[in-house]
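>>> here are the coordinates; sequence isn't available:
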Ligand code: AMP
């Protein structure tokens, strides 16, 4: 069991996979090296070369919650995750959560995709009511509302590509990177909703109380993530 952290000790929340991998060079720029590989270890708290810095592994969608409530002082998560978190928490979604940096990592896009034989443009033009399956309900709702397209949203937690193939939905809203997953499932991208990248989020009270410990890390992250360093 790890001991309770010291007052200026920092906890960084990351999710496994692409965000973890792409955050490593930014941590290196701040002189921080994670000492265990999450793909080889079952530990959820990973030590670093700095006794005052540790990494906690959480689900991507839990990163804003950990940081907002102080379970972590800072974290890295996608713009998609932040938008969904904000919508879920209403006006309180941003309270306690400071978003200083677009890190320009884990880049992809949020898109609408349909079966290759589905005439999306025609359905939209006709004012048809589309069935849309997605994990990103808030982003999808906002996007289709802004286009004046009526949708029935179906919340899924994964494997969204299956929805149009099984007749569950006409379309999906999902993250697309190379496009290979869509292609492998005979789906085509018909609209790009927004570009996505990962952001640094910091607990607002930690920013005051742990300023000395946080500042050099924020500065190193800003320098290492240039030219995307400006907040969007
Ligand atoms: P791709 O085949 O490269 O287009 O990747 C698409 C699959 O990876 C979909 O299942 C997406 O949900 C997921 N994906 C792509 N980019 C990201 C990202 N930055 N963060 C999380 N999931 C992603």
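That came through, no problem. As the structure is a prediction and not an experimental result, all values here were calculated from the model. Numbering: from 1, shown residues only.

>>> For the closest residue to residue 80 other than its chain neighbours, what is the enclosing helix or strand?
Nearest non-adjacent residue to residue 80, counting by C-beta to C-beta, 6 or more residues apart in numbering: residue 196, 5.2 Å away. Using the backbone N, CA and C atoms, a C-beta is placed for each residue, glycine as well. Using DSSP states H and E, residue 196 falls within strand 187-203.

>>> buried ones in whichever helix or strand comes after that strand?
Downstream of strand 187-203, the first helix or strand assigned by DSSP H and E is helix 204-209. Neighbour counts over helix 204-209 (16 or more other C-beta atoms under 10 Å) mark 204, 206-207 as buried.

>>> Would you reformat the residues you listed as JSON lines and include pLDDT?
Below are these laid out as JSON lines (pLDDT from 0 to 100):
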{"residue": "204", "pLDDT": "96"}
{"residue": "206", "pLDDT": "97"}
{"residue": "207", "pLDDT": "95"}
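
>>> With respect to residue 113, which of these is nearest?
Nearest to residue 113 among the buried residues of helix 204-209 is residue 204, at 36.9 Å by C-beta to C-beta.

>>> dump the residue contacts of that closest one.
96-98 (C-beta atoms under 8 Å, 6 or more residues apart in numbering).

>>> Mind checking which residue lies nearest the centre of the chain?
Against the mean C-alpha coordinate of the chain, by C-alpha atoms, centre = their mean, the closest residue is residue 78 at 2.3 Å.

>>> So in terms of bridging, what pairs with it?
residue 198 (DSSP bridges).

>>> I'd guessed it sits against residue 22; true?
No: using C-beta atoms under 8 Å, residue 78 is not in contact with residue 22; the gap is 11.0 Å.

>>> Close to the ligand: what parts of the protein are there?
18, 78, 106, 108, 174-181 (C-beta under 6 Å from any ligand atom).

>>> what comes up buried for the strand or helix carrying residue 46?
For residue 46, the host element (DSSP H and E) is strand 45-47. Within strand 45-47, the residues that count as buried by 16+ other C-beta under 10 Å are residue 46.

>>> can you tell me the average pLDDT over that strand?
Computed over strand 45-47, the mean pLDDT rounds to 98.

>>> any idea which helix or strand comes after that strand?
That would be, after strand 45-47 and using DSSP H and E, strand 53-57.

>>> Please enumerate residues in contact with the next helix or strand after that next one?
Per DSSP H and E, the first helix or strand lying C-terminal to strand 53-57 is helix 63-68. Defining contact as C-beta under 8 Å, 6+ apart, one finds that helix 63-68 is touched by 13-15, 56, 58, 71-77, 81-82, 85, 93, 95-97, 201-203.

>>> Is there a quick PyMOL command that grabs whichever of those residues are buried?
Of the contacts of helix 63-68, the buried ones can be selected in PyMOL as follows, counting by 16+ other C-beta under 10 Å:
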select buried, resi 13+14+15+56+58+71+72+73+74+75+76+77+81+82+85+93+96+97+201+202+203
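
>>> Sort out for me which of the contacts of helix 63-68 are in strands.
Under the assignment DSSP state E, the contacts of helix 63-68 contribute 13-14, 56, 74-77, 97, 201-203 to strands.
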